[in-house]
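Student: Please find the sequence and the predicted model below.
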Amino acid sequence: MSADLDTNLDTPPPVVSILSRLLGLRRYFGDLRRIALGGLCLGAVLLATVWLSLPTRAALWRISHELKSRGLIVSIEDISVKPWGNVTATNVTWSFPPSRTEEISVPFVVDEVAINVSILSYLLFDEISVELDGTLSDGTFWAEFTQDGESSALKINVADLPLHMVPKIQQTMNAPLDGVFDFEADLVLEDNKFQSAKGFVDISCLRCVIGDGETKLFIPGVSTGMLAKGVMSPAIDLGTLKGRISVKDGEGVAEEFVSQSDDITVKISGGFHLKDPVGLSRLSLVIKLHVSEALQDANDNIHLLINTASTKAKMDPPDDGWLGFKLRGSIGRPKFMGIKSLSREERLRANREKRRERTRSRDQKRRERKATNAAKKAKKAKKKKEKSPKITGTAVETATETALTNAGTIPRSPPPEAGVGGQVFERPFVPETSSAEEAQAEEAGSGEDRAGTSETGHEPGPQ
């Protein structure tokens, strides 16, 4: 009994045993902490080494090469990548190839572009989220693109941008431009395709002015006439132009843009058709201009330009005095033409419609001829039927007798009282002769009789 009591006293309680074990491992806690800290430091050093040794030059070349393959000439001076996914590009220059030999390239320069990429969303939810924030010398630029696998969303906002800084517009028109340009787009891309996009695009130009009286003005896409060689234009006040383009299923339809000033009135309508890739999207805009009499009287070049405009650009009543133009082609290569001119697609469509119309006309004439011939045949058959007698009763017997007479015999049925039932007697057919023939026959017979008398001296008797 005492021995068991001593054994129980020597065995510590469970709680005391656990504490003693933890206290025994306490001396290893410091080692574990040092190992964890060392691992973190080593990972940080490796990450910093990889970050510092990133081939940014190679990345810049790769980015420029990919953009050039899509028709964009973009150069980036430097790029920096943050470990958490932020990318900053400095001095981004977007250049455009000249459309005329004497055209001077005017690039679009962005001082700094901050690109925020959500790596966590991509790793956890397979979603792409990219945000661009550009810093310009004047104005602001912001864009966001998100994609969740089934659809995408694109948002662009440009505010307070000087008109001459709008990409390519200064280079294309050559004449100085002044004004404030705003642009906003909000599109949802179903199936991640622009051709199924829906949303809206807002465009506005405040206090826009073009020309200075010393620099030639060129209209993009015009290859013939005075505008092809440029015209010296005075400063023309374009006023304020605002409008919205509603997009549905990739088709953009513009609510009519109207800008009116003392110098000129501008109306823009139409839209565009988005395609994939977006650079292949087609423009379909109509631009109407009315230049005031005061501006024409003040500038001889403008007066000559209006009076010598192509008949394809001059509009018919009730828009007398207006000039109309169509903006066609792709977004990258727009083309201006007179409102009465036909583009290549429109000419092909018109030719196809003419061929269809000729085919329809030919088929219609063929059907009309068939109907006319059928009507003539029916009318002829009706007349023939009306002319033919109705054969009934005695007429039947007469027709039968005539037919048998022509055949050579006439069947005759004896009367019942003759006692010969059912027999038919045939009478030889004696053709009828005319009176002239009968007279000739009698003269011939009398001649023969006279000849016989003269030879014998008496009339021949019976043998």
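Tutor: Thanks, I have the structure now. Numbers count the residues shown, from 1 in each chain.
Student: partners of residue 245 in the sheet?
Tutor: For residue 245, the beta-bridge partners under DSSP bridges are residue 201, residue 254.
Student: If you could redo that for residue 284, that was the one I meant.
Tutor: Beta-bridge pairing of residue 284 under DSSP bridges involves residue 271.
Student: I'd assumed residue 269 was in contact with it.
Tutor: No: between residue 284 and residue 269 there is no contact under Cβ atoms under 8 Å: 9.8 Å. Just so you know, the C-beta spots here come from the backbone N, C-alpha and C atoms, and that holds for glycine as well.
Student: how long is stretch 136-154 end to end?
Tutor: By Cα to Cα, to the nearest Å, the extent of stretch 136-154 from end to end equals 21 Å.
Student: What residues of that stretch count as buried?
Tutor: Going by neighbour count (16 or more other Cβ atoms under 10 Å), the buried part of stretch 136-154 is 136, 139, 141, 143-144, 146-147, 152-154.
Student: ok, which pair from these is furthest apart?
Tutor: By the measure Cβ to Cβ, 139 and 147 form the most distant pair in the buried residues of stretch 136-154, at 27.4 Å.
Student: Please tell me how far residue 271 sits from residue 219.
Tutor: Computed as Cβ to Cβ, to the nearest Å, the residue 271 to residue 219 distance reads 20 Å.
Student: Among residue 284 and residue 269, which residue is more densely surrounded?
Tutor: Counted by other Cβ atoms under 10 Å, residue 284 and residue 269 do not tie: residue 284 has more neighbours, with 19 against 16.
Student: can you pull the pLDDT of the more buried one?
Tutor: At residue 284, the pLDDT value in this model is 87.
Student: Using PDB, write out every CA atom in the helix or strand hosting residue 185.
Tutor: In the assignment (DSSP states H and E), residue 185 maps to strand 177-190. As requested, the backbone C-alpha atoms of strand 177-190 are provided in PDB (Å, rounded to 0.1, in the frame of the first residue of the first chain):
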ATOM      1  CA  LEU A 177      -5.800  73.700 -84.200                       C
ATOM      2  CA  ASP A 178      -7.100  75.200 -81.000                       C
ATOM      3  CA  GLY A 179      -9.700  74.100 -78.500                       C
ATOM      4  CA  VAL A 180     -10.400  71.600 -75.700                       C
ATOM      5  CA  PHE A 181     -11.100  68.000 -76.600                       C
ATOM      6  CA  ASP A 182     -13.000  65.600 -74.300                       C
ATOM      7  CA  PHE A 183     -13.600  61.900 -74.900                       C
ATOM      8  CA  GLU A 184     -15.400  59.200 -72.900                       C
ATOM      9  CA  ALA A 185     -16.200  55.600 -73.800                       C
ATOM     10  CA  ASP A 186     -17.900  52.900 -71.800                       C
ATOM     11  CA  LEU A 187     -18.200  49.600 -73.600                       C
ATOM     12  CA  VAL A 188     -19.100  46.100 -72.600                       C
ATOM     13  CA  LEU A 189     -17.700  43.400 -75.000                       C
ATOM     14  CA  GLU A 190     -19.800  40.300 -75.100                       C
END
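Student: which other helices and strands contact that strand?
Tutor: Applying 3 or more Cβ pairs under 8 Å, 6 or more residues apart in numbering; DSSP states H and E, we find strand 177-190 packed against strand 151-162, strand 197-210.
Student: In TSV, list these along with distance to residue 299.
Tutor: Putting these into TSV (distance: least, Cβ to Cβ, whole Å) gives the following:
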stretch	distance to residue 299
strand 151-162	25
strand 197-210	13
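Student: just the ones you listed: most buried one?
Tutor: Ranked by mean neighbour count under mean count of other Cβ atoms under 10 Å, the helices and strands packed on strand 177-190 are led by strand 197-210, which reaches a mean of 18.
Student: Give the pairing partners of whatever helix or strand comes next after it; include direction for each.
Tutor: The helix or strand immediately downstream of strand 197-210 is strand 216-217, counting by DSSP H and E. Looking at strand 216-217 with DSSP bridges, its partner strands are strand 231-232 (antiparallel).
Student: neighbouring contacts of the strand it pairs with?
Tutor: With contacts defined as Cβ atoms under 8 Å, 6 or more residues apart in numbering, strand 231-232 is touched by 213-217, 301-302, 305.
Student: In the protein, which helix is the longest?
Tutor: Longest helix of the chain, by residue count under DSSP state H: helix 344-387.
Student: Let me see the mean pLDDT of it.
Tutor: Mean predicted lDDT for helix 344-387 stands at 86.
Student: who has more neighbours, residue 271 and residue 219?
Tutor: Between residue 271 and residue 219, residue 271 has the larger neighbour count (other Cβ under 10 Å), namely 19 against 16.
Student: any low-confidence regions in the chain?
Tutor: Counting by pLDDT under 70, the chain contains low-confidence residues at 1-32, 47-56, 70-71, 83-85, 99-100, 102-103, 119-125, 220-228, 332, 388-463.
Student: Return a ChimeraX selection command for the buried portion of the contacts of strand 231-232.
Tutor: Per 16+ other Cβ under 10 Å, the buried members of the contacts of strand 231-232 correspond to this ChimeraX selection:
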select :216,217,301,302,305
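Student: what two of the contacts of strand 231-232 are the furthest from one another?
Tutor: 214 and 305, at 16.9 Å, using Cβ to Cβ across those.
Student: Can you flag which of the buried residues of stretch 136-154 belong to strands?
Tutor: Mapping the buried residues of stretch 136-154 onto strands (DSSP state E) picks out 141, 143-144, 146-147, 152-154.
Student: Distance to residue 185 added to those, as CSV?
Tutor: Formatted as CSV, those follow (distance: Cβ to Cβ, whole Å):
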residue, distance to residue 185
141, 12
143, 9
144, 11
146, 14
147, 16
152, 13
153, 11
154, 7
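Student: Secondary structure element holding the nearest residue to residue 299 once chain neighbours are set aside?
Tutor: Of all residues not flanking residue 299 in the chain, residue 234 sits nearest, at 5.1 Å (Cβ to Cβ, 6 or more residues apart in numbering). Assigned by DSSP H and E, residue 234 falls within no helix or strand.
Student: And residue 234, how far from residue 58?
Tutor: Here residue 234 is placed at a distance of 51 Å from residue 58 (Cβ to Cβ).
Student: Have a look at the two and say which one is more surrounded.
Tutor: residue 234 (17 against 9).
Student: Might one say that that one is in contact with residue 297?
Tutor: No: between residue 234 and residue 297 there is no contact under Cβ under 8 Å: 12.0 Å.
Student: can you list residues touching both of the two?
Tutor: Contact criterion Cβ under 8 Å, 6+ apart; residues shared by residue 234 and residue 297: none found.
Student: What is the neighbour count of the nearest residue to residue 278 once chain neighbours are set aside?
Tutor: In space, and not counting its chain neighbours, residue 278 is closest to residue 194: 5.1 Å by Cβ to Cβ, 6+ apart. Per other Cβ under 10 Å, the neighbour tally for residue 194 reads 20.
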